[in-house]
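[1] show me the folded form of this:
(4 chains)
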Protein chains: 2
Amino acid sequence: MDIQLKRGLLDVCVLVAIKNEDSYGYRILKDVKPYIEMSESTLYTILKRLELSGMLTVRTAEHGGRLRKYYHITKSGLKRIENFKEEWREVMSIYQFVTKEEKDK
Amino acid sequence: MDIQLKRGLLDVCVLVAIKNEDSYGYRILKDVKPYIEMSESTLYTILKRLELSGMLTVRTAEHGGRLRKYYHITKSGLKRIENFKEEWREVMSIYQFVTKEEKDK
DNA sequence: AAACAATACTTCGTGATATGATGTATTACG
DNA sequence: CGTAATACATCATATCACGAAGTATTGTTT
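    Residues are numbered from 1 along each chain as shown, chains lettered A, B, ... in the order given. As a prediction, this is how the structure comes out:
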């Protein structure tokens, strides 16, 4: 899939992946990959960015002797998802523009 | 509208704007703006990029004492639009993922 | 005629960002 | 015992949208 097309979707997908339950990097990746291809470096970059912009909070916990960073969505994060859905109307109208066929000629 | 969300759409919109009839920068901008906001610098950057990648060809013509660069879509350009439409299915499935509500909990 | 808006295109620098490559470390499996 | 799976981090790179600023002509308004 075209990289440019993915750009507006990646952040939101990550947020959605932690929306109902706190999750951690490795699991988020597995949850999201069936829908949108994403590399590890991309995911961790996104998680860092979302943390810095207050869309999620992080908590480190031990699990089977290994450390895990659990991500929890914030109100801003939820709002971000809602905002995305609103903007989608605009996206669809652009899609209409792209797909509309000229009747004349 | 979110810049990231626009990234995958801008190129295709420009191609669509010249799909049925050759056009020039200033006019393309006017045609596209009702659907997607785009600055002059962005448009001309895109036109240059599309030319370099063989999606369109350029011809300079005089019009009212002023020079205009007319852009003509190529087969590659048309294929690019078709490819976009195909990829849209994937985009919609991602959108489904984002909007689906959890029934449980 | 002077001023300003509209037409038409160009160039530069900047900031955002996705990704491959590479690295570290532990646990589970066969 | 080696390999895969789990888990996260960092760096360099390339792409790209955009604002700012510029050049130049034509049309309109005062």
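[2] can you map out the strands along chain A?
    A:23-24, A:56-63, A:66-73 (DSSP state E).
[3] so what touches the second one?
    Put plainly, it is strand A:56-63. A:15, A:18, A:22, A:47, A:50-51, A:67-74, A:77 (CB atoms under 8 Å, 6 or more residues apart in numbering or on different chains). Using the backbone N, CA and C atoms, a C-beta is placed for each residue, glycine as well.
[4] A:Tyr26 versus A:Lys33, what's the distance?
    11 Å (CB to CB, to the nearest Å).
[5] no no, A:Leu78
    23 Å.
[6] please apply the same query to A:Ala61.
    On the measure of CB to CB, A:Ala61 and A:Tyr26 end up 14 Å apart.
[7] what does A:Glu82 give?
    From A:Glu82 to A:Tyr26 the distance is 27 Å (CB to CB).
[8] neighbour count winner among the two?
    Counting neighbours by other CB atoms under 10 Å in any protein chain shown for A:Glu82 and for A:Tyr26 shows that A:Tyr26 has the greater number, 12 against 9.
[9] tell me the confidence at that one?
    Predicted confidence (pLDDT) for A:Tyr26: 96.
[10] export the strands of chain A to CSV and tack on mean neighbour count and distance to DNA strand D?
    As requested, these are exported to CSV (neighbours: other CB atoms under 10 Å in any protein chain shown; distance: least, CB to the nearest atom of the strand, whole Å):
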stretch, mean neighbour count, distance to DNA strand D
strand A:23-24, 20, 4
strand A:56-63, 12, 5
strand A:66-73, 16, 4
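[11] wait, which of the ones you listed is closest to A:Met92?
    Among the strands of chain A, the nearest to A:Met92 by CB to CB is strand A:66-73 (25.4 Å).
[12] list the helices and strands that closest one packs on?
    Applying 3 or more CB pairs under 8 Å, 6 or more residues apart in numbering or on different chains; DSSP states H and E, we find strand A:66-73 packed against strand A:23-24, helix A:25-32, helix A:40-52, strand A:56-63.
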